[in-house]
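Colleague: Output the structure for:
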Amino acid sequence: MSKPDLSFDPRPILAITLGDPAGVGPEIIVKALRHAAIYEVCRPLVIGDRRMLERAAEWVGAGALNIRTVTHPAMGSYGPDEATLLDLANAAPDECPIGQISAAAGRAAVEYVFAACDLAMAGSVGAVVTAPLNKAAMNLAGFHYAGHTELLAERTHAGKVSMLLVGPKLRVVHVSTHVALEEAIRRVTPERVGEVIDLAYRSCQALGIAQPRIAVAGLNPHAGEGGLFGNQEETGIVPAILAARARGLDVTDPQPPDTVFLRAVKGEYDIVVAMYHDQGHIPMKLLAFDDGVNVSMGLPIIRTSVDHGTAFDIAGKGIAREDSLLAAITVAIQMSAARNLQSPISNL
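Modeller: Predicted coordinates:
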């Protein structure tokens with residue numbers, strides 16, 4: 001009888017990118033790594049620059065940070081007494097002034113994401129968790145992406161990638177996001193709504209929910225009130241719902257947008273399909289401003305992110321909260337567990 005492999009570690013390795021080094025990313029990472037519970041459920045590997053971590057440690061009052069630099073994820077011991085770092089050494093402090101947009105910081109942030117993505121594609125890490133980058137800095141550096149999602153979609157050669165918002169009591173996917181309201185209305189078609197219903201189903205399964213209950217918000221007040229307030233429900237939404245039901249999905253009729261999110265929070269639904277950006281983001285921001293999570297669905301890798309920006313106005317003050325990053329780590333662990341047919345791990 002062969003001896004068991006005692007070197008096997010069931011904790012997934014998470015590549016945590018530093019984000020824009022001039023923003024709050026380094027600070028919230030240092031704060032998150034001070035939570036010993038993280039190390040019980042995952043192996044956090046920071047992708048960044050040692051100088052930025054040490055600078056942030058001073059700001060948050062963490063004292064001297066015990067950093068273990070590795071050249072490959074498998075080299076880390078991932079104990080709670082040290083921060084394991086893949087050091088790209090690409091963010092000179094004098095070139096990345098805190099709280100300011102710079103090409104140097106934008107370039108460094110993108111390079112962290114590239115490195116983490118490549119490790120995930122190679123199977124060296126189980127998931128990628130991203131701290132915020134600054135779109136203006138990224139574009140100033142010559143990387144003309146709207147954000148992480150577009151960057152990762154190109155890097156992984158993914159097809160259709162969409163945004164999933166996850167909070168402690170609410171999950172939301174969107175038919176459209178960053179477009180004008182008149183364009184958002186045009187995008188409410190049976191084809192697109194059907195795609196997002198399927199995305200909602202896959203998103204819940206990725207989080208370990210086997211048979212998700214999917215609520216679909218209407219576009220108009222009272223979901224159109226039978227045509228009194230618009231006909232997009234009948235022409236663009238209902239056909240998609242009927243087609244989804246024919247495929248065996250548990251999907252509601254178009255629900256009044258002013259009540260569907262409350263019903264989801266109370267436990268009637270597992271996820272809500274929102275018709276446009278603000279319809280879904282407003283309830284999520286209201287309920288989970290500090291601990292919401294952004295998930296990119298449709299990528300061949302698992303990627304979660306904080307649901308806030310670089311916060312240049314408070315960067316360097318040591319007051320940025322790590323709640324959203326901890327939540328993003330939790331969701332990444334849950335998705336990794338579901339992918340490996342394991343039970344999801346409870347929140348940190």
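
Colleague: all contacts plus neighbour counts: C-alpha atoms, from now on.
Modeller: OK.

Colleague: Near the residue lying closest to Gln279 once chain neighbours are set aside, how many residues? Count them for me, please.
Modeller: Using CA to CA, 6 or more residues apart in numbering and skipping residues adjacent in sequence, the residue nearest Gln279 is Pro257, 7.6 Å away. Pro257 has 21 neighbouring residues, counting by other CA atoms under 10 Å.

Colleague: One more: Arg247?
Modeller: The number of residues packed near Arg247 is 10, by other CA under 10 Å.

Colleague: Look up how far Asp198 lies from it.
Modeller: Note on Arg247: its distance to Asp198, by CA to CA, to the nearest Å, is 10 Å.

Colleague: swap in Ala153?
Modeller: Note on Ala153: its distance to Asp198, by CA to CA, is 19 Å.

Colleague: Kindly report the same for Glu40.
Modeller: With distances taken as CA to CA, Glu40 is found 34 Å from Asp198.

Colleague: do the same with Pro132
Modeller: 28 Å.

Colleague: out of the two, which sits in the busier spot?
Modeller: A direct count of neighbours by other CA under 10 Å for Pro132 and Asp198 places Pro132 higher, at 26 against 16.

Colleague: give me the element the more buried one is part of.
Modeller: Following DSSP states H and E, one finds Pro132 outside all helices and strands.

Colleague: who touches Gly280 in this structure?
Modeller: Neighbouring residues of Gly280 by CA atoms under 8 Å, 6 or more residues apart in numbering: 172-174, 274.

Colleague: pretty sure it is in a helix, no?
Modeller: Yes. Assessed by DSSP: H, G, I helix; E, B strand; the rest coil, Gly280 belongs to a helix.

Colleague: helices and strands around the helix or strand of the chain with the lowest mean pLDDT, which ones?
Modeller: Ranked by mean pLDDT, DSSP states H and E, the weakest helix or strand in the chain is strand 162-166, scoring a mean of 89. Using 3 or more CA pairs under 8 Å, 6 or more residues apart in numbering; DSSP states H and E, the elements in contact with strand 162-166 are strand 171-174, strand 293-297.

Colleague: One more pass at 10 Å, please.
Modeller: Taking 3 or more CA pairs under 10 Å, 6 or more residues apart in numbering; DSSP states H and E as contact, the helices and strands that strand 162-166 lies on are helix 148-156, strand 171-174, helix 190-206, strand 271-274, helix 277-288, strand 293-297, strand 303-306, helix 323-339.

Colleague: out of those, nearest to Asp118?
Modeller: Among these, helix 148-156 comes nearest to Asp118, with 8.2 Å by CA to CA.

Colleague: hmm, who's touching the closest one?
Modeller: Applying CA atoms under 10 Å, 6 or more residues apart in numbering, the contact partners of helix 148-156 are 110, 113-114, 117-118, 120-121, 130, 132-135, 143-145, 157-163, 294-301, 303, 305.

Colleague: 7 Å - rerun?
Modeller: 145, 161, 296, 299 (CA atoms under 7 Å, 6 or more residues apart in numbering).

Colleague: Same question for stretch 311-322.
Modeller: Contacts to stretch 311-322, defined as CA under 7 Å, 6+ apart, come from residues 23-24, 27-28, 31-32, 59-60, 98-100.

Colleague: hmm, 10 Å instead?
Modeller: 20-33, 55-62, 97-101, 132-134, 290-291, 306, 310, 328.
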